[in-house]
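Engineer: Pasting the sequence and the predicted model now:
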Amino acid sequence: MVQVLVTGGTGYIGSHTVVELMASNFEVVVVDDFSNSSPEVLNRLKIIIGQNIRFYKGSILDKELMNQIFRENHIQIVIHFAAHKAVGESVYNPLKYYDNNVVGTLSLLEVMVANGVKNIVFSSSATVYGMNNLSPLTEDLPTSAINPYGNTKLMNEQILCDLANADPDWSITNLRYFNPIGAHETGLIGEAPNGVPSNLMPYITQVAIGKLEALSIYGADYDTPDGTGVRDYIHVVDLAKGHVIAVKHNLKSKGTNVYNLGTGQGYSVLDLVNAFEKENNIKIPYIIKNRRPGDVATCYADTTKAEKELGWKSEKSIEDMVIDSWRWQKNNPNGY
């Protein structure tokens, strides 16, 4: 049985990926420092999966701990989620982001090299496409970043490419995610942001449950069908299944591969609000505000490459996403 180390495995995407890995008969080891998650996630995972997860509490920057994890297990591949991810925070605290996201990745890779593990699936982001590319976005477009968070994703992709170029035994998969929303159908795990959400879906659900008064929509004068920004929203369970398929593909290949994980379909902010209201029968009051600097009008994936090479395609609809997001929020009004 293949054993997978999942860094950041109690986070939003990480926890859903752990569920799908176990369902596909992988053995899973998780390391997380709970800086953006909760120990309660482990209890919820146990209910969903029916067994305990092998778990280590700590940071990927702690080489002693990381070496211990590799020593005590027979890890064959790493899925690397562990990272800080708030764009706004990265702008005013860049060192925190470069330390955790870039130095953390370097530290992880050095431990992997020392332990002879040369397979990694990296959690990248569509933010690396920058401001100047037209959608649908293909993997061969030029990359750029407009904030420190995006820079950390770009730098890590580059470090991984350089590593594969230097040593042909490495197999590296960079997965560029678009906008994950939704939650596991049990309503036991989901997105639980610290403080006021910076992502749209948890903002909508917190307005729906009465924690926030109204949704702020930043810009209604974009060149889009209804003036609000268009994004590629993907159900987190589809995204998690994409990781399982990426792991299987990675174990059979060498070199660097890059894949978009999105639906290939763009929805506007108002499309998402309207779908949420219709499916869940709740009004979402909103206020139109000025555009935010660094937001593009339209961003959605071309998913041809993942479909062709991985045989992966998203399956869940926008309706599934809003229903599952609301179930999670309703069952867990204060997160974990």
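Structural biologist: Structure's in. What do you need?
Engineer: can you tell me how far the closest residue to residue 12 other than its chain neighbours sits from residue 144?
Structural biologist: Excluding the flanking residues, the one nearest residue 12 by CB to CB, 6 or more residues apart in numbering is residue 191, at 4.6 Å. Placement of C-beta: from N, CA and C, glycine included. To residue 144, residue 191 is 27 Å away according to CB to CB, to the nearest Å.
Engineer: And for residue 320?
Structural biologist: Noted for residue 320: a distance of 33 Å to residue 144, by CB to CB.
Engineer: Tell me, how many residues neighbour the nearest residue to residue 83 once chain neighbours are set aside?
Structural biologist: The spatial neighbour of residue 83 that comes closest, neighbours along the chain excluded (CB to CB, 6+ apart), is residue 101 at 4.6 Å. Using other CB atoms under 10 Å, residue 101 has 22 neighbouring residues.
Engineer: Kindly confirm my reading that residue 101 is in a helix.
Structural biologist: Yes - with DSSP: H, G, I helix; E, B strand; the rest coil as the criterion, residue 101 is located in a helix.
Engineer: quick one on the thing from earlier: neighbour count: residue 191 and residue 144, which is higher?
Structural biologist: The neighbour comparison of residue 191 against residue 144 (other CB under 10 Å) goes to residue 191, with 23 against 15.
Engineer: residues contacting the more buried one?
Structural biologist: Residues in contact with residue 191 (CB atoms under 8 Å, 6 or more residues apart in numbering) are 12, 181, 183, 199, 201, 202, 236, 325, 328.
Engineer: quick one: the residue nearest to residue 12 is in a helix?
Structural biologist: No - according to three-state DSSP, the state of residue 191 is coil, so it is not within a helix.
Engineer: still on that earlier bit, of the contacts of residue 191, which is the most crowded?
Structural biologist: residue 183 (29 neighbours).
Engineer: isn't it right next to residue 328, touching?
Structural biologist: Yes - the pair formed by residue 183 and residue 328 meets the contact definition of CB atoms under 8 Å, at 3.6 Å.
Engineer: what is in contact with the two at once?
Structural biologist: With CB under 8 Å, 6+ apart applied, the overlap between the contact sets of residue 183 and residue 328 consists of 189, 190, 191.
Engineer: burial of the first one, as a residue count?
Structural biologist: For residue 189, the neighbour count with other CB under 10 Å is 26.
Engineer: list the contacts for it?
Structural biologist: Applying CB under 8 Å, 6+ apart, we find residue 189 in contact with 15, 16, 19, 41, 44, 45, 48, 183, 328.
Engineer: now swap in residue 63 and tell me
Structural biologist: Shown here is residue 63, whose contacts under the criterion CB under 8 Å, 6+ apart are 107, 110, 111.
Engineer: do residue 214 as well
Structural biologist: Applying CB under 8 Å, 6+ apart to residue 214 gives the contacts 207, 285, 286, 287.
Engineer: can you pick the most crowded of those residues?
Structural biologist: Among the contacts of residue 214, residue 207 has more neighbours than the rest - 22 neighbours, counting by other CB under 10 Å.
Engineer: In three-state terms, how would that one be classified?
Structural biologist: On the three-state scheme (three-state DSSP), residue 207 is labelled helix.
Engineer: State the pLDDT value of it.
Structural biologist: Looking at residue 207, its pLDDT reads 97.
Engineer: Give me the pLDDT for residue 139.
Structural biologist: We note a pLDDT of 98 for residue 139 in this prediction.
Engineer: same check, this time on the one 3 residues further on
Structural biologist: What the model reports for residue 142 is a pLDDT of 98.
Engineer: Double-check it against residue 133; I have them as touching.
Structural biologist: Yes - shown here, residue 142 and residue 133 form a contact pair, counting by CB under 8 Å, at 7.1 Å.
Engineer: so which helix or strand takes in the closest residue to residue 54 other than its chain neighbours?
Structural biologist: When the adjacent residues along the chain are set aside, residue 54 lies closest to residue 29, with 4.7 Å between them (CB to CB, 6+ apart). Under the assignment given by DSSP states H and E, the secondary-structure element containing residue 29 is strand 27-32.
Engineer: residues of the helix or strand that that strand is followed by that come out buried?
Structural biologist: Counting by DSSP H and E, the next helix or strand C-terminal to strand 27-32 is helix 40-49. Residues of helix 40-49 classed as buried under the neighbour-count rule (16 or more other CB atoms under 10 Å) are 40, 41, 42, 44, 45, 48.
Engineer: tell me the contacts of the first one?
Structural biologist: Counting by CB under 8 Å, 6+ apart, residue 40 makes contact with residue 336.
Engineer: Over to the last one?
Structural biologist: Under the criterion of CB under 8 Å, 6+ apart, the neighbours of residue 48 are 19, 184, 186, 188, 189.
Engineer: which of these are buried?
Structural biologist: 19, 184, 188, 189.
Engineer: Could you single out the nearest of those to residue 262?
Structural biologist: In terms of CB to CB, no member of the buried ones among the contacts of residue 48 lies closer to residue 262 than residue 184, at 19.6 Å.
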